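K.L.:
Please find the sequence and the predicted model below.
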Amino acid sequence: MKIKLLALAALLGFGVPFAALADGTTVSLDYGGAKRTYILHVPPNVEPGKRYPLIIALHGMNGTAEGFEGMTGFDTAADQYGFFVAYPDSDGPKWDLRGRDGDIGFAEKLLADVVQNNPVDAARIYVAGHSQGAGLAQALACFDTDKVAGVAVVSENMHPHFEQLCRPSRPIPVLLFHGTADPISPYNGGANGVSGTDTLSSEATAQFWAQADGCSGNSVTTSFPDKISDGTTTTSNLQTWGRCRNGATVAFYTIAGGGHTWPGAAVKRDRFGGSSTTVHASEIILHVFSETLAAENSSTQK
């Protein structure tokens, strides 16, 4: 049961008692004259005085924060790796990606709100999104790279105008997941099934991020047996780029026969297609970002 955030006295230096946060909190904030909300998940056994990493989880078009929380299973993975998770709601059926007057600005205010009121490390904020939410995640990686430590993109290719405008200020880890049978955001690029606007291919999107991260040398592709939620047995691929600047990495999962879905989510085949039962995106995302944290901590201690 979600607990409505109340105006309570600060405890242990933060704005909300940990006892209230532990069960999940629906937080309200004003943005652009509208009331916006997000659900905050807190890992167990939060220690006073310690700062934790945060992942912002962005639902797709016509989705909700609560639905995305249930679908992705991020909470379970976040508890394992010690991450806070914030699930914001869009204002209406879709995210406004037109600029800082839209949901890029809202995301910036959200980040500031979570950091101000919780034991979250502002230098360890990651963003993951599905479909149009992944478009907002990429926008934040493009234009707010100083605030984002890594990004995960699921079922969304980059639009050409973003490619032209996107100039990340530093290399960051990037994870991408895309199904070859995606009926909304075509794997090979072209017209998006909802907006009708053209997009790059999934491969070109991954290549863009590899170039932005200054990855040198050729990528390495590994194939592995996979199974789609409709029972189809197939072979999917993992393409990785190493030797990137500042130790960043780019990894691209191609889900053979996968649809416009979140890999690892328990869904049956429908008009959006099937989901991989082998690749669990939430677990992979939190594992990779956790390893990034460990590598950074190791380098700073030398």
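P.N.:
Cool, the structure landed.
K.L.:
what about the one residue sitting closest to the centre of the chain, which SS state?
P.N.:
With distances taken as CA atoms, centre = their mean, A128 lies nearest the centre of the chain, 0.2 Å away. Under DSSP: H, G, I helix; E, B strand; the rest coil, the three-state class of A128 is strand.
K.L.:
49 is where my numbering starts, stick with that
P.N.:
Fine by me, first position is 49 from now on; the one you just mentioned is A176.
K.L.:
Who are the contact partners of the closest residue to it other than its chain neighbours?
P.N.:
Nearest residue to A176 in three dimensions, chain neighbours excluded: A200, at 3.8 Å (CB to CB, 6 or more residues apart in numbering). Backbone N, C-alpha and C define where each C-beta goes, glycine included. Residues near A200 by CB atoms under 8 Å, 6 or more residues apart in numbering: Y174, V175, A176, G177, A182, A185, V222, L223, L224, F225, A329, I333.
K.L.:
Just the element for A200, please.
P.N.:
strand 198-202 (DSSP states H and E).
K.L.:
in its sheet, what does that strand sit against?
P.N.:
Sheet pairing of strand 198-202 (DSSP bridges) gives strand 168-178 (parallel), strand 222-227 (parallel).
K.L.:
Using CSV, write out the CA atom coordinates for the shortest one.
P.N.:
Once non-C-alpha atoms are left out, strand 222-227 reads as follows in CSV (Å, rounded to 0.1, in the frame of the first residue of the first chain):
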residue,chain,number,x,y,z
VAL,A,222,24.5,2.9,-21.9
LEU,A,223,22.4,-0.2,-22.1
LEU,A,224,20.0,-0.9,-24.9
PHE,A,225,17.3,-3.6,-25.4
HIS,A,226,15.2,-4.0,-28.6
GLY,A,227,13.1,-6.8,-30.1
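K.L.:
Can you give the contact residues for it?
P.N.:
Residues from elsewhere that reach strand 222-227 (CB under 8 Å, 6+ apart): 176, 189, 198-205, 233, 235, 250, 253-254, 257, 261, 296-309, 311, 321-322, 324, 327, 329, 332-333, 336.
K.L.:
what's the most buried one of the strands paired with strand 198-202?
P.N.:
With neighbours taken as mean count of other CB atoms under 10 Å, the strands paired with strand 198-202 reach their highest mean count in strand 222-227, at a mean of 27.
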